[in-house]
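> give me coordinates for this.
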Amino acid sequence: MATYSGKQFEAYISLQTDALGTNDVSGTLYKMRLAQVNDIDFSAGVQLTPVERTGQRVLRPTDHIAVRGGGTYSWSFSDYIVENEALLQLLLQLVTEDDAPTDVVSILGNQGTVAYTESASTGEYACVVISSPDTDKDRLMHSAILQELTLSMNPTANGGRLTASGTFFSGYQPVIGTEATATNATAVDYTKGFFDCTTQTLQTSGGSAVAVLANSFDLTISNPATRVGFKTVNSIAGEPESYNRGGQINVTGNVSVKMDDNSVTMVSNFLGGTSTNVSIGNDGGGSAGENIDFDIPTAKFTGHELDTGNESGVFINLPFQATADGAGALVTIIAT
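Residues are numbered from 1 along each chain as shown. Next comes the predicted model:
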């Protein structure tokens, strides 16, 4: 009998170019090199119902009902050290619904509801392929929505490099079989991270920006979708009729800054509910090029906590919630 190593499993992601509900791989696959590849979570896709009946004290085999139709499936990845620029921009496209991404991606305050209908030919949904060393045991989760993406930078971890974690969701049954994976989608062409962030400022509304010394930064974009209806697709009963992406978009994060004369004033922003522009990165002065930048124009601090256990200085943890009016941006990200 064969014995396998976790290192033999690989993960690939593509922007699905076939219609929603098509249970085949389409689009350019990008290899996500992870320390550990998780399996697809099938648990929410199977309804298991034990039925108790009179005249017996134990469950019989026919009393255990298992139905796959009408469920949902998910796949999560964590601590991906971003090394492929095209894959990073694909992740941002999928989570922000930006159907024409450039080097700059924003989520606006007037973002509308999006519906993806089965057999529709375009949309921000993906193919996720888990390549297995066992013959005919690859996993394909097609028509997958990236519901949450976290980007983080810490100078004491992974050389300060930008890392990503996230969760994909699909209402369609995954395919288990043999899936072709491209070998040319493995470019290592992105090395940006914390030490490239030469701009680190906090600015109150109507006030001037003050320079701070950041110690870490993370940002989470949550943009959930729900499956709608039940129909037969690809001869499989109980598949979705569509997806609806109209719930609350949440952009939250945390910035840790050294306590000094500039940052100490942020406690009044927290206590007063004052909007604060959080800017971490290097936007290249607005010019094209290899830049990394996170700009949250009207953040609201949701906490203010001193970290006094570090002899290299006292730091302030400032968790925040992004807000926006009208066409203003919740967040703008440059990742090139």
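
> helices along the stretch 51-200 of the chain, start to end?
Taking DSSP state H, counting those that start in this stretch as the test, the helices found in the stretch 51-200 of the chain are 85-96.

> mind listing the strands for it?
Using DSSP state E, counting those that start in this stretch, the strands of the stretch 51-200 of the chain run over residues 64-67, 73-81, 104-108, 114-117, 126-131, 138-153, 163-170, 175-177, 199-204.

> I figured Thr302 was touching Gln321, is that so?
Yes - Thr302 sits in contact with Gln321 when judged by Cβ atoms under 8 Å, with a separation of 5.4 Å. For every residue, glycine as well, the C-beta is placed using N, CA and C.

> what is in contact with these two at once?
Thr252 (Cβ atoms under 8 Å, 6 or more residues apart in numbering).

> could you report the neighbour count for Thr220?
The criterion is other Cβ atoms under 10 Å. On that basis, Thr220 has 18 neighbouring residues.

> quick one: it is in a strand?
Yes - counting by DSSP: H, G, I helix; E, B strand; the rest coil, Thr220 is located in a strand.

> show me what the closest residue to it other than its chain neighbours is bridged to.
Nearest residue to Thr220, sequence neighbours excluded (Cβ to Cβ, 6 or more residues apart in numbering): Thr150, at 4.4 Å. Listed beta-bridge partners, Thr150: Ser165, Thr220 (assigned using DSSP bridges).

> dump the residue contacts of Thr150.
164-166, 218-221.

> as JSON lines, the residues you listed with pLDDT and distance to Gln36 would be great.
Conversion of these to JSON lines gives the following (pLDDT from 0 to 100; distance: Cβ to Cβ, whole Å):
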{"residue": "Ala164", "pLDDT": "98", "distance to Gln36": "14"}
{"residue": "Ser165", "pLDDT": "98", "distance to Gln36": "12"}
{"residue": "Gly166", "pLDDT": "98", "distance to Gln36": "15"}
{"residue": "Asp218", "pLDDT": "98", "distance to Gln36": "20"}
{"residue": "Leu219", "pLDDT": "98", "distance to Gln36": "23"}
{"residue": "Thr220", "pLDDT": "98", "distance to Gln36": "21"}
{"residue": "Ile221", "pLDDT": "98", "distance to Gln36": "23"}
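
> low pLDDT regions in this structure?
Confidence mapping of the chain against pLDDT under 70 gives the ranges 182-186, 205-206, 285-290.

> most neighbours among the contacts of Thr150, which one is it?
Busiest of the contacts of Thr150 [other Cβ under 10 Å] is Ile221, holding 26 neighbours.
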